[in-house]
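**Student:** got a sequence here, can you model it:
(chains A, B, C and D)
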Number of protein chains: 2
Amino acid sequence: MFCQSYNEFFQVLANPTNQTIINSLLKKPQNVSEIAESTKLEQSKVSHSLKRLYECKIVHVKRSGKQRVYSLNKETIVPILEIVDKHAQKMCPHCLKIEGSQRVHTNVLK
Amino acid sequence: MFCQSYNEFFQVLANPTNQTIINSLLKKPQNVSEIAESTKLEQSKVSHSLKRLYECKIVHVKRSGKQRVYSLNKETIVPILEIVDKHAQKMCPHCLKIEGSQRVHTNVLK
DNA sequence: AAAACATATGAAACAGTATTCATTTATCAT
DNA sequence: ATGATAAATGAATACTGTTTCATATGTTTT
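**Tutor:** From the prediction side, this is the model:
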């Protein structure tokens, strides 16, 4: 039900699938089917990821009929992404150019 | 030589051994032997961890004779730890109480 | 209450990462 | 140059987390 430690929190942030979902939720809150659609990920995979994201309170949930609408906990996540992005730009501009990396793009943050 | 993406960065932060080393470097810069001593971790394990931490530029290195002195990139790491700590206190006070978790303790940050 | 839809869950298979241990490289002192 | 110390590296093993697939749960509609 809860994340047990800091490393669990970072572990969840490190997972590419979770990052893809975070990226998508940066745009707008979405229910599970919408997330699966927008990210091209399989439904059960999305559910498993959302479970972990929720345990760490990286996302919030709101029931709406049979749907569940997930939204990003921007208060915590956006500042962290901004710090990491600044870090990458300064310390490792190289890694910003890697193709196909699943990283979160800053432009979404602005 | 470099970290390839955001998920690598978070992955490195998520690892308990790396967290232990980060914790120790919060106190003061140390060479490899000192880190191994202060953390009770084996030398090669420490070296492997430091390699990953350095690739992500979470630590800096400075040669000093046969020693290598590692120091924490506080500019990036301290703000992230502060955000996560605030997050945990607010969203998941429970997880701050878990015994034996390898998490970074905030009091060191202040 | 049955059918249809949305999401969650469990467990096995699989993949990726960390640890360990033996060895190597590098630097310093003699 | 040799021996001693400090740290890094490679590769095999062990470990842990992720994906997948089948199925279960829950809600709404008829």
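
**Student:** up against DNA strand D, what does chain A have?
**Tutor:** Within chain A, the positions adjacent to DNA strand D are A:11-12, A:14-17, A:42, A:44-45, A:48-49, A:52, A:65-66 by Cβ under 7 Å from any atom of the strand. (Each C-beta comes from the backbone N, C-alpha and C, glycine too.)

**Student:** buried among those residues? Make that a PyMOL selection.
**Tutor:** Buried subset of the residues of chain A next to DNA strand D, written as a PyMOL selection, criterion 16 or more other Cβ atoms under 10 Å in any protein chain shown:
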select buried, chain A and resi 11+12+14+15+17+49+52
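
**Student:** contact partners for A:Leu13?
**Tutor:** Counting by Cβ atoms under 8 Å, 6 or more residues apart in numbering or on different chains, A:Leu13 makes contact with A:Gln19, A:Ile22, A:Ile58, A:Ile80, B:Asn7, B:Phe10, B:Ala14.

**Student:** tell me if I am right that it is in a strand.
**Tutor:** No - assessed with DSSP: H, G, I helix; E, B strand; the rest coil, A:Leu13 is helix; it does not lie in a strand.

**Student:** returning to that earlier point: so which of the residues of chain A next to DNA strand D are also by DNA strand C?
**Tutor:** Within the residues of chain A next to DNA strand D, those near DNA strand C by Cβ under 7 Å from any atom of the strand are A:Ser44, A:His48, A:Lys66.

**Student:** helices or strands next to the helix or strand containing the first one in the packing?
**Tutor:** Translated: A:Ser44. Applying DSSP states H and E as the criterion places A:Ser44 in helix A:43-55. Where contact means 3 or more Cβ pairs under 8 Å, 6 or more residues apart in numbering or on different chains; DSSP states H and E, helix A:43-55 is packed against helix A:6-14, helix A:16-27, helix A:32-39, strand A:59-64, strand A:67-72.
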